[in-house]
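Engineer: the sequence isn't on hand, but the structure is:
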């Protein structure tokens, strides 16, 4: 079947009362235009509302992507940073909403950076910058950003990302550990929630996708309270060795 027809059906489903996850017409138009099959190996299911796994990372279902962009509320001429580039699909949707040269994406995994670059170039979004970085560090040389999207869970927004927000900016991320809620934060601390979600944790530099023992989620609940006050650079970037004493607490 023609991919354009499949895209239309996909977005129509997201806009339907049964799902009701997509009300922003600009986002709807963007998702109708992005060739999702260029980012997903299985063309037969590329436009189904389901997740895929590629190179150890999840490709988010279209319904979750729609919810992320509803929370971001991207405006014309915004500069956008996406933490967790994955295969590049989310960055492509962002590039339909603003100039593609205003979209920046980072990922901690080198294979995914290469995959995202290849996919974006093939799909016609070669102007999107994709770099290999620890997501919690952001991309300071291109800051400030009007919108920052973190496609990984954390108990709190990394301090470096908050510092890279424009004065009227918005940071969207899944907040929590096992039970997460999608939230948006502005520089003045105003929060807004957008419902329950489930994302993988934000990894520490040097870890691989699928790590359990040493990711931020496994450690931060126990370490945050005692380390944050004394930390000079932010609890999200300073870690202690995971030993029996800590694990038994």
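Structural biologist: Now that the structure is in, tell me what you want to look at. Being a predicted model, the structure only gives us computed values, none of them experimental. Numbering: from 1, shown residues only.
Engineer: residue boundaries of the helices in the chain?
Structural biologist: Along the chain, counting by DSSP state H, helices occupy 3-15, 25-33, 62-72, 89-97, 110-123, 159-163, 216-227, 244-248.
Engineer: single out the most deeply packed of the ones you listed.
Structural biologist: Among the helices of the chain, helix 89-97 has the highest mean neighbour count (mean count of other CB atoms under 10 Å), at a mean of 25. C-beta: built from backbone N, CA, C; applies to glycine.
Engineer: touching that helix from outside, list them.
Structural biologist: Outside helix 89-97, the residues that touch it by CB atoms under 8 Å, 6 or more residues apart in numbering are 26-27, 29-31, 33-34, 36, 39-40, 59-60, 65, 68-69, 74, 78, 80, 82, 85, 103, 105, 116, 119-120, 123, 125, 127-128, 130, 149, 151.
Engineer: go again using 7 Å as the cut-off
Structural biologist: When contacts are defined by CB atoms under 7 Å, 6 or more residues apart in numbering, helix 89-97 is touched by residues 26, 30-31, 33-34, 36, 39, 59, 65, 68-69, 74, 80, 82, 85, 103, 105, 116, 120, 123, 125, 128, 151.
Engineer: hmm, back to that, adding distance to residue 199 and mean pLDDT, write the helices of the chain out as JSON lines.
Structural biologist: Below are the helices of the chain laid out as JSON lines (distance: least, CB to CB, whole Å; pLDDT from 0 to 100):
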{"stretch": "helix 3-15", "distance to residue 199": "19", "mean pLDDT": "94"}
{"stretch": "helix 25-33", "distance to residue 199": "19", "mean pLDDT": "97"}
{"stretch": "helix 62-72", "distance to residue 199": "9", "mean pLDDT": "96"}
{"stretch": "helix 89-97", "distance to residue 199": "12", "mean pLDDT": "98"}
{"stretch": "helix 110-123", "distance to residue 199": "15", "mean pLDDT": "96"}
{"stretch": "helix 159-163", "distance to residue 199": "15", "mean pLDDT": "94"}
{"stretch": "helix 216-227", "distance to residue 199": "10", "mean pLDDT": "42"}
{"stretch": "helix 244-248", "distance to residue 199": "24", "mean pLDDT": "42"}
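Engineer: closest to residue 54 out of those?
Structural biologist: Closest approach to residue 54 among the helices of the chain is made by helix 110-123 (7.1 Å; CB to CB).
Engineer: so which of the helices of the chain gets nearest residue 52?
Structural biologist: Shortest distance between residue 52 and these, using CB to CB, is found for helix 89-97: 9.8 Å.
Engineer: per-residue pLDDT, the spatially most central residue of the chain?
Structural biologist: Within the chain, the residue whose C-alpha comes closest to the C-alpha centroid is residue 151; the distance, by CA atoms, centre = their mean, is 2.2 Å. Reported pLDDT at residue 151 in the predicted model: 94.
Engineer: what sits against it?
Structural biologist: When contacts are taken as CB under 7 Å, 6+ apart, residue 151 is in contact with 82-84, 86, 90, 199.
Engineer: next: residue 103.
Structural biologist: Each residue near residue 103 by CB under 7 Å, 6+ apart is listed here: 80, 91, 94-95, 128.
Engineer: and residue 131, by the same measure?
Structural biologist: Neighbours of residue 131 in contact, by CB under 7 Å, 6+ apart: 106, 113, 139.
Engineer: repeat that for residue 70.
Structural biologist: By CB under 7 Å, 6+ apart, the contact list for residue 70 reads 23-24, 27, 194.
Engineer: could you check how far it is from residue 23?
Structural biologist: Here the distance between residue 70 and residue 23 works out to 7 Å (CB to CB, to the nearest Å).
Engineer: what does residue 55 give?
Structural biologist: Between residue 55 and residue 23 the distance, using CB to CB, works out to 32 Å.
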